[in-house]
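Visitor: Using only what follows, build the 3D model:
(chains A and B)
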Amino acid sequence: SQTIHQWPATLVQPVGSPLSLECTVEGTSNPNLYWYRQAAGRGLQLLFYSVGIGQISSEVPQNLSASRPQDRQFILSSKKLLLSDSGFYLCAWSSEFGNEQFFGPGTRLTVL
Amino acid sequence: AQSVTQPDIHITVSEGASLELRCNYSYGATPYLFWYVQSPGQGLQLLLKYFSGDTLVQGIKGFEAEFKRSQSSFNLRKPSVHWSDAAEYFCAVAASGGSYIPTFGRGTSLIVHP
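Guide: Residues are numbered from 1 along each chain as shown, chains lettered A, B, ... in the order given. Below you'll find the predicted structure:
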């Protein structure tokens, strides 16, 4: 069966520090991968999605970037965090031709 | 582009009472529709989905939803709510052709009183 992992589960970082959040998927090949940010009362905001290695689409211009170095690995990064980057970050995957998404457990990021 | 509206930010029900969470969508053709549930501090779990066929869809945990094309709605229902159903519920819509990326509603927070 397929599983999706995210780490770390929680992170507290100072303003201006770098960020790296990792997401990995097991049990499937060629998944579509997604990064979402969730703020209270705002639902899910799609940040990035990827349909293959090295292929990244950005939905919202911001302080963040994403990379997909391997088929089942998706990384969210920042060179310098802002206070506004605080939130709950969710990674999700879907099959290559599917639209049903499966979500990871999330990472709670607090920028101080 | 598709859009989703969940008109209720919070819903409070008593344990054992029936539940209906509203979802309205905007899309030019028959959409793909989803309901997800999120417990505090957790990821989202798919409750049910509609792609085609029978407009009444059964899901996990005793939930069901009905697709009503004439009303552009996909409301989620449960006949008897349990305290463990307290969570955030998200409706999502995806285009049946083209991009598969779903658009999520803002969510409805369900509070269950004993």
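
Visitor: Leaving out the residues flanking it, which one is nearest to residue A:75?
Guide: With sequence-adjacent residues excluded and distances taken as C-beta to C-beta, 6 or more residues apart in numbering or on different chains, residue A:75 is closest to residue A:67, at 4.9 Å. Bear in mind the C-beta positions are built from the backbone N, C-alpha and C, glycine included.

Visitor: Tell me which residue lies nearest the centroid of chain A.
Guide: Most central in chain A under C-alpha atoms, centre = their mean is residue A:35, positioned 3.2 Å from the mean C-alpha point.

Visitor: Ignore what I typed, I meant chain B.
Guide: residue B:35 (3.5 Å).

Visitor: and residue B:63, what is it in contact with?
Guide: Residues near residue B:63 by C-beta atoms under 8 Å, 6 or more residues apart in numbering or on different chains: B:35, B:47, B:48, B:76, B:77, B:78.

Visitor: Can you report phi and psi for it?
Guide: phi -90, psi 150 (degrees, to the nearest 10).

Visitor: residues in contact with residue A:89?
Guide: Neighbouring residues of residue A:89 by C-beta under 8 Å, 6+ apart: A:6, A:21, A:35, A:36, A:37, A:38, A:76, A:106, A:107, A:108, A:109.

Visitor: Name the nearest residue to it, ignoring sequence neighbours.
Guide: Per C-beta to C-beta, 6+ apart, closest to residue A:89 is residue A:107, 4.7 Å.

Visitor: okay, now the one you found: neighbour count?
Guide: 21 (other C-beta atoms under 10 Å in any protein chain shown).

Visitor: And it, how far from residue A:13?
Guide: Relative to residue A:13, residue A:107 is positioned 11 Å away (criterion: C-beta to C-beta, to the nearest Å).

Visitor: can you give me how far the least confident helix or strand in chain B by mean pLDDT is from the chain middle?
Guide: Lowest on mean pLDDT, DSSP states H and E among the helices and strands of chain B sits strand B:103-104, with a mean of 91. Counting by C-alpha atoms, centre = their mean, to the nearest Å, strand B:103-104 is centred 11 Å from the centre of its parent chain.

Visitor: Relative to it, what are the paired strands and their orientations?
Guide: Strand pairing for strand B:103-104, using DSSP bridges, gives strand B:87-94 (antiparallel).

Visitor: just so I have it, where are all the strands in chain A?
Guide: Remark: strands assigned in chain A by DSSP state E are A:3-7, A:10-13, A:19-26, A:32-38, A:44-52, A:55-58, A:65-70, A:73-78, A:87-94, A:102-103, A:107-111.

Visitor: Mean pLDDT and distance to residue B:23 added to those strands, as CSV?
Guide: Listed next are those as CSV, based on pLDDT from 0 to 100; distance: least, C-beta to C-beta, whole Å:
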stretch, mean pLDDT, distance to residue B:23
strand A:3-7, 95, 25
strand A:10-13, 97, 31
strand A:19-26, 97, 28
strand A:32-38, 94, 18
strand A:44-52, 92, 15
strand A:55-58, 91, 26
strand A:65-70, 96, 29
strand A:73-78, 97, 28
strand A:87-94, 95, 19
strand A:102-103, 94, 18
strand A:107-111, 95, 27
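
Visitor: If anything else comes up later, I'll come back, but that's it for now.
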